[in-house]
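got a sequence here, can you build the structure:
(one chain, ligands or ions: 2)
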Amino acid sequence: MSTPERSLQPVNLADGWSPASWRGRPALQMPQYPDPSALEAALAELRQLPPLVTSWEIFALKKQIAEAQEGQRFLLQGGDCAENFSDCESGTISNRLKVLLQMSLVLVHGLRLPVVRVGRFAGQYAKPRSTDLETRGEVSLPSYRGDVVNGPEFTAQARVPDPRRMLTAHARSAMTMNFVRALIDGGFADLHHPEYWSLSWVGCSPLAEDYQKMVNSIGDAVRFMETLAGVEVHNLNRIDFYTSHEALLLPYEEALTRQVPRQWGWFNLSTHYPWIGMRTAALDGAHVEYFRGIRNPVAIKVGPSVQPDQLLRLIDVLNPDDEPGRLTFIHRMGAAQIASKLPPLLEAVRRDGRRVLWVCDAMHGNTESTANGYKTRRFANILAEVEQSFDLHAAAGTRLGGVHLELTGEDVTECTGGARELTEVDLERAYRSTVDPRLNYEQSLEIAMAIVRKQGQ
Ligand code: PEP
Ligand code: MN
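Ligands and ions are numbered 1, 2, ... in the order given. Coordinates of the predicted model:
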């Protein structure tokens, strides 16, 4: 997607690390595969398959993250909580891309900063769960752990971990990626034609007028620059788009960890930008061990129980050389706790002079259940967490460099509130997520507009 960058000399090869060294550490959230030989056969096949991303794309993204760390870019990371194999379908993929492009347009225009665009897709198939078993009435079955592990249906057969699903996950990720790359290379993201990414809802949305004004003003700016330069402005007809997922299922990640000609070290080539979830971020755990040796930019979710000292030790392990672009902390505290939990962390990292990108996940600290059993999130809480994040960073002398959101381009009703004031009753109408509730297209755009209102110049 961007210029290759060569980096032939090791900065510091991780001591005692190998793609399999995580196996010597406690690995939480791993499925129990019933047949070890079937598991080995699937992994052997996976190790032979081509990678999904390239090292030069990874370097290009790392550079963009480094720029975001310096306040020269803003990161937008979004997508489903969990992709499903059945969602690998052109309409769903292009609608998700459209809403992310629209949000990034709003952010670029309002913040006057280039945006780093990262999807939570093309591999977001593994889910951590709070319990190993799910009980309904008299029946207990293994929890659903994402389509790469088992099936969501509540039957004994669907819930058995099946290693062949890793091959399907690889194939579906490749298909998703292929379609996104083709759309972008074909001009889908061309700033001359924001109408390509128009979703049918735009016309009747309460946000339509504001959005259309922004589109027109960008169109004017593009035409003005072209008139001024006398030639077509380059780089406005194509953009970079990167992928990310929670690298939870370590056997899968290990099989896609590769060396690359003329580069030192190892790369996770299943995604550009893997992250470690809150439940698997222990310093001496398998996930931190695996992440320490790969050269990708990496992120860690930071929840309300993390202590300042823990965070500094994670930096020691994951970014000992203070490499630009390497490490992102995604805080997910919840609107009710962020004001008390975040400042001591910001202060500790700032005092130590450590280089990280701070990103706000405004979703995972704000999940609640309704009386009729839906997992939901209130738009007002999501917005409040984003807004407080900007203020708390400003007060601490640090910078909020991006947002991480669970969203979809579909017209779902999973989070309450927003411009259409969805209520708990609306949840029944179009609740489709198999795991966490997502912002629908309109609520997503509304968050982007609110960020601009809060921060725009
Ligand atoms: C997620 O991102 O879907 C997730 C499970 O987040 P966290 O690890 O922050 O709870
Ligand atoms: Mn989630």
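
so where's the protein uncertain?
1-12, 191, 196-204, 218-219, 221-239, 457 (pLDDT under 70).

for the one residue in it that gets nearest to ligand 1, give me its contacts.
With Cβ to the nearest ligand atom, the shortest gap between the chain and ligand 1 falls at residue 277, namely 3.1 Å. Placement of C-beta: from N, CA and C, glycine included. With contact set as Cβ atoms under 8 Å, 6 or more residues apart in numbering, residue 277 has these partners: 29, 128, 246, 248, 301.

now it: how far from residue 346?
From residue 277 across to residue 346, the span is 21 Å (Cβ to Cβ, to the nearest Å).

please apply the same query to residue 165.
Distance of residue 165 to residue 346, computed by Cβ to Cβ: 40 Å.

check residue 215 too.
Distance, residue 215 to residue 346, using Cβ to Cβ: 36 Å.

quick one: which of these two has more around it?
Under the neighbour definition other Cβ atoms under 10 Å, residue 215 and residue 346 were set side by side, and residue 346 has more, 24 against 20.

now the nearest residue to the more buried one once chain neighbours are set aside: phi and psi?
Sequence neighbours aside, residue 396 is the residue nearest to residue 346 in space, at 3.9 Å (criterion: Cβ to Cβ, 6 or more residues apart in numbering). Main-chain dihedrals, residue 396, degrees, to the nearest 10: phi -90, psi -10.

what subset of the contacts of residue 277 is also close to ligand 1?
When contact is defined as Cβ under 6 Å from any ligand atom, the contacts of residue 277 meet ligand 1 at 128, 246, 301.

re earlier: need the contact list for the residue nearest to residue 346.
Shown in contact with residue 396 (Cβ under 8 Å, 6+ apart): 343, 346-347, 350.

now, which of those residues lie within strands?
The strands, defined by DSSP state E, take in nothing from those.

neighbour-wise, which one of the residues you listed leads?
When neighbours are counted by other Cβ under 10 Å, residue 346 leads the contacts of residue 396 with 24 neighbours.

for that residue, what are its contacts?
Contact analysis of residue 346 by Cβ under 8 Å, 6+ apart lists 358, 392-393, 396, 398.

contacts only, for the most centrally placed residue in the chain.
By Cα atoms, centre = their mean, the chain has its centre lying nearest to residue 120, at 3.8 Å. For residue 120, the contacting residues are 77-80, 244-245, 404, 406, by Cβ under 8 Å, 6+ apart.

hmm, 10 Å instead?
Contacts for residue 120 (Cβ atoms under 10 Å, 6 or more residues apart in numbering) come out as 77-83, 96, 100, 243-246, 271, 273, 275, 404-407, 438.

buried members of these into PyMOL, please.
Burial among the contacts of residue 120 is assessed by 16 or more other Cβ atoms under 10 Å; the matching PyMOL selection reads:
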select buried, resi 77+78+79+80+81+82+83+96+100+243+244+245+246+271+273+275+404+405+406+407+438
